[in-house]
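**Q** could you look at this predicted model? Sequence included:
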Amino acid sequence: MTKNPQPRADLHLHTIYSDSTLTPQDVINAAKAKDLACVAVTDHDTIDGYVPTLQAAEGCGIEVLAAAEFSSQLKKKTVHILGYLLDPNHVGLQNYLVDLKQRRIARMEEMIARLRKNGMEGITLEEVRAKAGIASVGRPHLAEVMVEKGLVKDRQTVFEKYLSDGSAAHVTGVFDEPYHVIELIRQAGGVPVLAHPMLPLVDERIPSFVEAGLGGLEVFYPNASDKISLYYEKIARKHGLIITGGSDAHGENRGWTHIGKVTVGMDVVEELKAKSTK
């Protein structure tokens, strides 16, 4: 195995506590194999995976950052905000995450109802929650149920036809605007970073996000071309934002990436720490 010349960090990955097949121990094993110095557990709308991953990393020298990927809504677009170095014991954060779990359940009920109107019968909330297990329910869990029932041939088709932004069963208006999420992350001592900006394409809003307290931009992302990364790097530098990156690994649920596919130097972790208000 070739050793990394400088310590590296993967600042975007998921565990079984959201929509990944990776256990905390899987995460640490993969980080060891890639000779990573640091990982950030960025599960969707939960920090439940942080402590188990911290425990799995005990004694192995891998730093684990408390983080999450928060869902937000800007008109009909889903915008994800990464929060790094959160205080897991912050009461406001804990209350917000409990509320988000309830919103996700209500959203799932509405998506199932819309699918029924589109001829997709026989899907129950109980089935989706069982598929989610310890995780908060999300679209990937619904997609798994639909595929297993033979209603749609594969996950990609599920999202393209039914669950992606603007499609037949997608439900908007459940989550807060990015500005509120940015403020919440800051209140919890964290650093808010706009996740994979090349996906939602809300570039015109980045200056207003910065005014609201945005601290960074996820410039480096799997399969993003050098041209695209350079474009967002220029935006980040223009606004004095920390330039971050990560694999967005989800285990078997996202075969086009893996832990360590995209990394950044540990200097980025130090920048995040310097900007944290904990």
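**A** Arrived safely, thanks for sending. Note that the coordinates shown come from a computational prediction; the quantities given were computed from them, not determined experimentally.

**Q** which residue is nearest the middle of the protein?
**A** Closest to where the C-alpha atoms of the chain average out (Cα atoms, centre = their mean) is Glu69, at 3.7 Å.

**Q** which secondary structure element contains it?
**A** Using DSSP states H and E, Glu69 sits within strand 63-74.

**Q** so which other helices or strands are in contact with that strand?
**A** Using 3 or more Cβ pairs under 8 Å, 6 or more residues apart in numbering; DSSP states H and E, the elements in contact with strand 63-74 are strand 8-13, strand 38-41, helix 50-56, strand 77-84, helix 178-187, helix 266-275. (C-beta placed from N, C-alpha, C; glycine too.)

**Q** hey, which helix is longest across this structure?
**A** helix 91-117 (DSSP state H).

**Q** buried residues, that helix. List them.
**A** Residues of helix 91-117 classed as buried by neighbour count (16 or more other Cβ atoms under 10 Å): 93, 96-97, 100, 104-105, 107-108, 111-112, 114-115.

**Q** hang on, the earlier thing: across the sheet, point out what pairs with the residue nearest to the centre of the chain.
**A** Under the criterion DSSP bridges, Glu69 forms beta bridges with His44, Leu82.

**Q** that one is in contact with Ile47, isn't it?
**A** No - checked against Cβ atoms under 8 Å, the pair Glu69 and Ile47 is beyond contact range at 10.4 Å.

**Q** quick revisit: would TSV of the helices and strands packed on strand 63-74 with distance to Glu204 be doable?
**A** Formatted as TSV, these follow (distance: least, Cβ to Cβ, whole Å):
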stretch	distance to Glu204
strand 8-13	24
strand 38-41	28
helix 50-56	33
strand 77-84	12
helix 178-187	13
helix 266-275	24
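
**Q** I'd like to know which of the ones you listed is closest to Pro200.
**A** Nearest to Pro200 among those is strand 77-84; the distance by Cβ to Cβ comes to 5.0 Å.

**Q** contacts only, for Ile81.
**A** Under the criterion of Cβ atoms under 8 Å, 6 or more residues apart in numbering, the neighbours of Ile81 are 69-70, 72, 178, 181-182, 185, 192-195.

**Q** drop anything exposed from the residues you listed.
**A** Buried, going by 16+ other Cβ under 10 Å: 69-70, 72, 178, 181-182, 185, 192-195, out of the contacts of Ile81.

**Q** show me where the stretch 151-278 of the chain has strands.
**A** In the stretch 151-278 of the chain, the strands defined using DSSP state E, counting those that start in this stretch lie at 191-194, 216-220, 242-245, 264-265.

**Q** all helices of the stretch 101-250 of the chain, in order?
**A** 125-132, 139-148, 155-158, 178-187, 206-212, 226-238 (DSSP state H, counting those that start in this stretch).

**Q** now for this structure, the helix or strand with the poorest mean pLDDT.
**A** Using mean pLDDT, DSSP states H and E, the weakest-scoring helix or strand in the chain turns out to be helix 155-158, at a mean of 92.

**Q** still on that earlier bit, between the helices and strands packed on strand 63-74, which one is nearest to Asp248?
**A** The closest of the helices and strands packed on strand 63-74 to Asp248 is strand 8-13. By Cβ to Cβ, the value is 4.9 Å.

**Q** what sits up against the closest one?
**A** If you take Cβ under 8 Å, 6+ apart as the criterion, strand 8-13 is touched by 20, 22, 27, 31, 34-42, 63, 65, 67, 69, 82, 84, 195, 218, 221, 244-250, 259-260, 262-266, 268-269.

**Q** buried ones in whatever helix or strand comes next after that strand?
**A** Under the assignment DSSP H and E, the closest C-terminal helix or strand after strand 8-13 is helix 24-33. For helix 24-33, a neighbour-count test (16+ other Cβ under 10 Å) marks 24, 26-28, 30-31 as buried.
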